[in-house]
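Asker: make a model of this:
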Amino acid sequence: MIERFHATVDLTPLKKHVEAISRGSSTPIQRCHRRWGKRYEAFIRRDFTRQSSGGGRWPALDPATVARRRKEGVGAKILRDTGTLLAALTIGAPGNVFKLEKDGCLFGFGGPARHPGGKARIADIARFHDSGAGTLPQRQIIVPPDAATIAGMESDVKWAIDQLK
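Answerer: Okay, here's the model as predicted:
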């Protein structure tokens with residue numbers, strides 16, 4: 001459950017930089033990819049927070065679950081019992097994967113971090129919810145970015161190209 005982003009750019013005016021760009025070794029390109037990661041992180045955390053409040057694309061909690069949580073003094077937000085999944089949507093946090101790649105960045109859930117008090121890895125729990133495994137309703141967490149995020153990523157590419165001129 002890792003989302004990859006790709007941008008296609010005409011590199012003809014930048015022939016002297018093409019080799020460095022293709023290796024992903026150009027500092028402006030790496031900065032661009034880091035910016036993409038931070039933009040996507042901000043987008044996906046906002047989306048998760050919005051979806052967990054209900055009324056979005058995620059199915060609502062079962063009424064019995066809401067009643068039980070209220071009785072236990074726990075909130076009725078979706079996938080927010082411990083805050084672990086939301087926290088893992090922060091670059092560098094346990095359960096998060098972020099890697100620079102030559103053509104973009106890799107962002108998602110992964111690694112060995114386990115859910116507090118449980119046996120499952122954070123990435124496994126995210127995958128269970130993403131696919132709707134077993135009796136769980138499907139609640140996709142890693143989704144494509146919105147238009148505003150994409151526009152920001154495009155501006156990052158333009159910035160990187162300007163740095164290479």
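
Asker: show me the helices in the protein, by range?
Answerer: Remark: helices assigned in the chain by DSSP state H are 18-23, 27-52, 63-72, 84-87, 122-131, 147-164.

Asker: tell me the contacts of the residue nearest to Ile78 when sequence neighbours are not counted?
Answerer: In space, Ile78 comes closest to Ser52 once its chain neighbours are excluded; the distance is 4.6 Å by CB to CB, 6 or more residues apart in numbering. For the C-beta atoms, the positions are set from N, CA and C on the backbone; glycine is no exception. Neighbour list for Ser52: 58, 77-80, 86 [criterion: CB atoms under 8 Å, 6 or more residues apart in numbering].

Asker: pLDDT wise, what is Ser52 at?
Answerer: The per-residue pLDDT reported for Ser52 equals 96.

Asker: name the nearest of the contacts of Ser52 relative to Tyr40.
Answerer: Of all the contacts of Ser52, Leu86 has the smallest distance to Tyr40: 14.7 Å, by CB to CB.

Asker: got the contact list for the nearest residue to that closest one once chain neighbours are set aside?
Answerer: Once flanking residues are discounted, Leu86 sits nearest to Phe48: 5.5 Å by CB to CB, 6+ apart. Contacts for Phe48 (CB under 8 Å, 6+ apart) come out as 79, 85-86, 89, 141.

Asker: could you list the low-confidence segments of this structure?
Answerer: Low-confidence segments of the chain (pLDDT under 70): 1-26.

Asker: what's the neighbour count on Phe109?
Answerer: Applying other CB atoms under 10 Å, we find 23 residues neighbouring Phe109.

Asker: any idea how far the nearest residue to Pro59 once chain neighbours are set aside lies from Arg35?
Answerer: Nearest residue to Pro59, sequence neighbours excluded (CB to CB, 6+ apart): Pro137, at 4.0 Å. According to CB to CB, to the nearest Å, Pro137 and Arg35 sit 34 Å apart.
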